[in-house]
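S.K.: heads up, no residue letters with this:
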């Protein structure tokens, strides 16, 4: 499970307004240097930096509320498209996804897990948890091996593919490990290296500015 993630931005004000006012998520912390929003069982923090940055991350939502969420989202923002479509079904995950970009270009995916339902009206509790955190690095094999040594399994096989997108995790939580320069799905952007931190279960994992991993 991804308990928390920390990403960086040079436009904290725009993101604070977006996640607080547009997505209406609960803000658990807010200072001049950072803010944190609750995403169900997870917490997402943006920290102020001097340089621009963008990331890919995904949020789990109930499969039975996918259509309701899509209606709610498209009333507020424009969804990204891929080959004319604004949603996609992934058979291997039994899940539907839609994508959009926030004000600084983070590529946000809402992934509806068809085997996970939430009955009742659409509320902020429909944002269940962080599902994926994209991790781009030139040291993809080294980082992939270190993640596996931390007990985070590769979804397919045991060897990281250096030129491909790799999913490490299980259930409905994954680190998406990618090489630099790979186009993000439902986006015109290609993967770039930016530092990040996340807490996977009880382990804190950090990717630094050089794309190297550390943990504690």
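M.R.: It's in. Predicted, not measured: the structure shown is a model, and the values here were computed from it.

S.K.: rest of the way, CA atoms for contacts and neighbours
M.R.: Noted.

S.K.: Give me the most central residue, the protein.
M.R.: Centroid-nearest residue in the chain: residue 57, 1.4 Å away (criterion: Cα atoms, centre = their mean).

S.K.: next helix or strand past the helix or strand encompassing it?
M.R.: Assigned by DSSP states H and E, residue 57 belongs to strand 56-62. Heading C-terminal from strand 56-62, the first helix or strand you meet, by DSSP H and E, is helix 66-74.

S.K.: other SSEs contacting the next helix or strand after that following helix?
M.R.: Moving toward the C-terminus from helix 66-74, the next helix or strand (DSSP H and E) is strand 88-90. The helices and strands touching strand 88-90, judged by 3 or more Cα pairs under 8 Å, 6 or more residues apart in numbering; DSSP states H and E, are strand 95-101.

S.K.: roughly how far out does the strand it packs on sit from the chain middle?
M.R.: In terms of Cα atoms, centre = their mean, to the nearest Å, the centre of strand 95-101 is found 11 Å from the chain centre.

S.K.: Repeat that for stretch 114-133.
M.R.: Counting by Cα atoms, centre = their mean, stretch 114-133 comes out at 14 Å from the chain centroid.

S.K.: Just the buried residues of it, please?
M.R.: By neighbour count on 16 or more other Cα atoms under 10 Å, the buried set for stretch 114-133 is 114, 125-133.

S.K.: cool, and stretch 73-81?
M.R.: Here stretch 73-81 shows 73, 79-81 as buried, counting by 16+ other Cα under 10 Å.

S.K.: just to revisit the earlier point, what's near enough to touch the residue nearest to the centre of the chain?
M.R.: 106-109, 130-134 (Cα atoms under 8 Å, 6 or more residues apart in numbering).

S.K.: ok so, going back, quick one: which of the buried residues of stretch 73-81 is nearest residue 193?
M.R.: Closest approach between the buried residues of stretch 73-81 and residue 193, by Cα to Cα: residue 80, at 22.1 Å.
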